[in-house]
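J.: Build me a model:
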Amino acid sequence: EDRYRYRVTMPDVMVGSVVEIQYSFFLLPNEWRFQDRIPVRWSELRISDSPYVTFQKVFYGFQPLYVNQPGRWVGKDMPALRPEPYMNSISNYITKVEIELSNIMIPGRTRFFTSSWNAVNEYLLNNQYFGVAMGSALFLTDEAKQIKDKNLPDLEKMKAACEMVNNKIKWNQQEDLYTTADLYTAYRKGSGNSADVNLILVQLLKKLDFEAFPVALSTRENGIINPAYATIDKLNYVIAGVKYNGKTYLFDATEPYLTPGMLPFRALNGRGRIIIEKNSDWIDLTPAVDEKEVAYYDVRLNENGEITGNIIRNKSDYGAYYFRKEFKQYNSQEEYINELESDFPGMTINSASFENIDSLYKPTKETYEISFNGYVDVIGDVISINPMLAD
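T.: Prediction:
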């Protein structure tokens, strides 16, 4: 909603081409980049003054601006910024300005958008595709009763709710803060975007008598949120939260191979904002568990320089999640093994077994009977072996 995309084609553009685009529009851009992944000769932004519109600006990046004046900003000869290892998002380092509409004041009417974080909360709770879309969720009454009838401990009830939503509504791979329509429509279709899925989870948790609420956030690819500046446009994702016995538990029901209580990698980005009517606050999104993998090698080197033996890999927490997600992309176990052999030329997998692939609460276990050729260098009486076989 309220977003428009214009596509511009440029024939015969190639490496070394200089591309020049100029455009204008009413209202404000959400973001203006003076720097990009390609070199930028000149990037200029002009915003006219208005007595009716108030907005805030947040600058990012490390390259100085050539012109930095009220209403006019220019980046000149900006070098290309390349992604680097351990960089959570290039948008956190690129030289740019993010612009957020604070309020519109016209005679007889004033509308606040992001004058404060409380205003953001109010806006989202009254938004047709966020707070209003949740409604009373009467369609979840039977599902809540099914879980209650099992007489599970409270923490198990939360997990059961997450599993039920995950099984009934498939995520369509679209990340969004807003629902596609009312939640019943997504529930009836059996699919929806991330907001459809996780706001349904919030409502189901409420029907189980938990203090549940949405947590709005910015994904890693979208960049971090500066808590000093209230924003709506920077928020692009929502998960479910529950306050219980003095602790806050976070859930995301979009991923079928993610253990309830763990968040997908895209959501692990600093802090999220609890969206409730009163006492809204920030919550840390740092994961409570790590990516764990333990590998055991029992191998022998024969006189021909061939390595044979067994490899056992145990993966848990995020390690198990990533393995399950990758493994399920293949049509068969044999296809996965063939791909693994192609990644390590000289390795032959004679047999393999996999355990706990569908048991989300148990570590996965991979057992391989293998042989390696070409992994040993013999120089005189010195034998060199890379101990990190198939790693």
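
J.: So which residue is smack in the middle of this structure?
T.: Central residue of the chain (C-alpha atoms, centre = their mean): Arg266, 1.7 Å from the mean position.

J.: what about that one, is that helix, strand or coil?
T.: helix (DSSP: H, G, I helix; E, B strand; the rest coil).

J.: what's the nearest residue to it if we skip its chain neighbours?
T.: Of all residues not flanking Arg266 in the chain, Thr219 sits nearest, at 4.5 Å (C-beta to C-beta, 6 or more residues apart in numbering). Glycine gets a C-beta too; all of them are placed from N, C-alpha and C.

J.: Gly71 is in contact with Asp49, correct?
T.: Yes: between Asp49 and Gly71 there is a contact under C-beta atoms under 8 Å: 6.3 Å.

J.: Would you mind listing the residues in contact with Asp281?
T.: Arg273, Ile274 (C-beta atoms under 8 Å, 6 or more residues apart in numbering).

J.: now it: how far from Val215?
T.: Distance, Asp281 to Val215, by C-beta to C-beta, to the nearest Å: 10 Å.

J.: Would you mind grabbing the residues shared as contacts by those two?
T.: Arg273, Ile274.

J.: For Ser353, what are phi and psi?
T.: phi -140, psi 150 (degrees, to the nearest 10).

J.: If it is in a bridge, with which residues?
T.: Thr367 (DSSP bridges).

J.: So that it lines up with my notes, have the first residue be 12 from now on.
T.: I'll keep to 12 as the first residue from here, and by that count the last item is Ser364.

J.: Test my guess that it contacts Ile348.
T.: No: applying C-beta under 8 Å as the test, Ser364 and Ile348 come out as separate, 10.8 Å apart.

J.: So for those two, which sits in the more crowded spot?
T.: Ile348 (16 against 11; other C-beta atoms under 10 Å).

J.: OK, contacts around that one?
T.: Contact partners of Ile348, counting by C-beta under 8 Å, 6+ apart, are Ile360, Ala363.

J.: buried residues in the helix or strand containing it?
T.: Here Ile348, judged by DSSP states H and E, is contained in helix 344-354. Neighbour-count burial for helix 344-354 flags Tyr347, Ile348, Leu351 (criterion: 16 or more other C-beta atoms under 10 Å).

J.: Could you dump those residues into a markdown table with pLDDT added?
T.: Shown next, in a markdown table, are the buried residues of helix 344-354 (pLDDT from 0 to 100):
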| residue | pLDDT |
| --- | --- |
| Tyr347 | 94 |
| Ile348 | 94 |
| Leu351 | 91 |
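
J.: contacting residues around stretch 299-313?
T.: 272-273, 318-330, 333, 374, 381, 383, 387, 394, 396, 398, 400, 402.

J.: average pLDDT for it?
T.: For stretch 299-313, mean pLDDT is 91.

J.: what's the answer for stretch 182-198, then?
T.: Mean predicted lDDT for stretch 182-198 stands at 93.

J.: now that stretch: how far from the chain's centre is it?
T.: The chain centre lies 16 Å from the centre of stretch 182-198; the measure is C-alpha atoms, centre = their mean, to the nearest Å.

J.: Low-confidence stretches in the stretch 162-311 of the chain?
T.: The model of the stretch 162-311 of the chain has no residue with pLDDT under 70.

J.: Quick check: Leu228 vs Gly357, distance?
T.: Distance from Leu228 to Gly357, by C-beta to C-beta: 44 Å.

J.: neighbour count winner among the two?
T.: The neighbour comparison of Leu228 against Gly357 (other C-beta under 10 Å) goes to Leu228, with 28 against 13.

J.: still on that earlier bit, buried ones only from the contacts of stretch 299-313, please, as a PyMOL command.
T.: Command for PyMOL that selects the buried part of those, burial taken from 16+ other C-beta under 10 Å:
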select buried, resi 272+273+318+322+324+325+326+327+328+329+330+333+374+381+383+387+400
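
J.: Strands along the stretch 262-402 of the chain, start to end?
T.: 282-285, 293-295, 302-312, 318-328, 358-366, 375-383, 387-390, 393-396 (DSSP state E, counting those that start in this stretch).

J.: For Tyr140, which of those is the nearest?
T.: strand 282-285 (17.1 Å; C-beta to C-beta).

J.: could you say what helices and strands that closest one packs with?
T.: Strand 282-285 sits against helix 128-136, strand 222-228, strand 248-255, strand 293-295, with contacts defined as 3 or more C-beta pairs under 8 Å, 6 or more residues apart in numbering; DSSP states H and E.

J.: send the alpha carbons of stretch 117-131 over as PDB?
T.: As requested, the backbone C-alpha atoms of stretch 117-131 are provided in PDB (Å, rounded to 0.1, in the frame of the first residue of the first chain):
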ATOM      1  CA  ILE A 117      -2.900  21.800   7.900                       C
ATOM      2  CA  PRO A 118      -5.500  24.300   9.100                       C
ATOM      3  CA  GLY A 119      -8.000  22.400  11.200                       C
ATOM      4  CA  ARG A 120      -6.300  19.100  11.200                       C
ATOM      5  CA  THR A 121      -3.000  17.600  12.400                       C
ATOM      6  CA  ARG A 122      -1.900  14.000  11.800                       C
ATOM      7  CA  PHE A 123       1.000  12.500  13.700                       C
ATOM      8  CA  PHE A 124       3.000   9.600  12.200                       C
ATOM      9  CA  THR A 125       6.400   9.200  13.800                       C
ATOM     10  CA  SER A 126       6.600  12.100  16.300                       C
ATOM     11  CA  SER A 127       7.400   9.500  18.900                       C
ATOM     12  CA  TRP A 128       7.500   5.700  19.400                       C
ATOM     13  CA  ASN A 129       4.100   5.900  21.100                       C
ATOM     14  CA  ALA A 130       2.800   7.500  17.900                       C
ATOM     15  CA  VAL A 131       4.200   4.600  15.900                       C
END
